[in-house]
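[1] Attaching a predicted model along with its sequence, questions to come.
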Amino acid sequence: MGRHSCCHKQKLRKGLWSPEEDEKLIQHITKFGHGCWSSVPKLAGLERCGKSCRLRWINYLRPDLKRGTFSQHEEKLITELHALLGNKWSQIAAQLPGRTDNEIKKLLELIIKKEAKTKWHRSQHS
């Protein structure tokens, strides 16, 4: 995987985001939108790559982001959409406003592990 070639050429920050960086990104996107993510860091005054800004916004900073436990309705919808769409996490996430594709993927992996464990227990007690 690794870093993009643009990140090697420039001395860009990596690692944890500071509250000041978060605020710069929030202010920029609130005022101008994100447009082309590769141009956001320079325009926002950040020493980060565009991919880092995009991921920070999508997974942590956007105002409509939902955190916490999924409802039973959301879990049911995710399993139904997965059966229909397969591992197309972003398409599934688009049907659940405020949820990220990575969060949905992790939940589904947990559901599958629970089901496998339940089946194993049933087979041991039959």
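    Structure received. Residues are numbered from 1 along each chain as shown.
[2] Kindly provide the distance from residue 105 to residue 99.
    11 Å (Cβ to Cβ, to the nearest Å). C-beta coordinates here come from the backbone N, C-alpha and C atoms, glycine included.
[3] Comparing these two, which residue is more hemmed in?
    Taking neighbours as other Cβ atoms under 10 Å, residue 105 and residue 99 compare with residue 99 leading, 20 against 17.
[4] so what's the more buried one up against?
    By Cβ atoms under 8 Å, 6 or more residues apart in numbering, residue 99 lies in contact with 66, 70, 74, 93.
[5] what two of the residues you listed are the furthest from one another?
    The distance between the two most remote of the contacts of residue 99 (Cβ to Cβ) is 12.1 Å, for 70 and 93.
[6] ok, of the contacts of residue 99, which one's closest to residue 115?
    Proximity of the contacts of residue 99 to residue 115, judged by Cβ to Cβ, is greatest for residue 70, which lies at 15.7 Å.
[7] The nearest residue to that closest one once chain neighbours are set aside is in what secondary structure piece?
    Nearest residue to residue 70 in three dimensions, chain neighbours excluded: residue 107, at 5.8 Å (Cβ to Cβ, 6 or more residues apart in numbering). Element membership for residue 107, per DSSP states H and E: helix 101-124.
[8] and stretch 113-126, average pLDDT?
    For stretch 113-126, the mean pLDDT works out to 77.
[9] how far does that stretch sit from the chain's center?
    Relative to the chain's own centre, stretch 113-126 is displaced by 31 Å; criterion: Cα atoms, centre = their mean, to the nearest Å.
[10] Domain parsing of this protein, as residue ranges.
    5-61, 72-124 (automatic domain parsing).
[11] Extract the C-alpha set from stretch 56-75 and format it as CSV.
    C-alpha atoms of stretch 56-75 as CSV (Å, rounded to 0.1, in the frame of the first residue of the first chain):
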residue,chain,number,x,y,z
ARG,A,56,-10.2,12.6,7.9
TRP,A,57,-13.3,14.4,6.7
ILE,A,58,-15.3,11.3,5.7
ASN,A,59,-14.4,9.1,8.7
TYR,A,60,-14.2,11.7,11.5
LEU,A,61,-15.2,15.3,10.8
ARG,A,62,-18.3,15.5,8.6
PRO,A,63,-21.3,16.9,10.4
ASP,A,64,-23.7,14.1,9.4
LEU,A,65,-21.5,11.3,10.8
LYS,A,66,-23.2,8.8,13.0
ARG,A,67,-21.3,7.1,15.7
GLY,A,68,-22.1,4.3,18.0
THR,A,69,-24.3,1.2,17.9
PHE,A,70,-26.2,0.2,14.8
SER,A,71,-29.9,-0.2,15.2
GLN,A,72,-31.6,-3.6,14.4
HIS,A,73,-33.1,-1.9,11.3
GLU,A,74,-29.6,-0.8,10.1
GLU,A,75,-28.1,-4.3,10.7
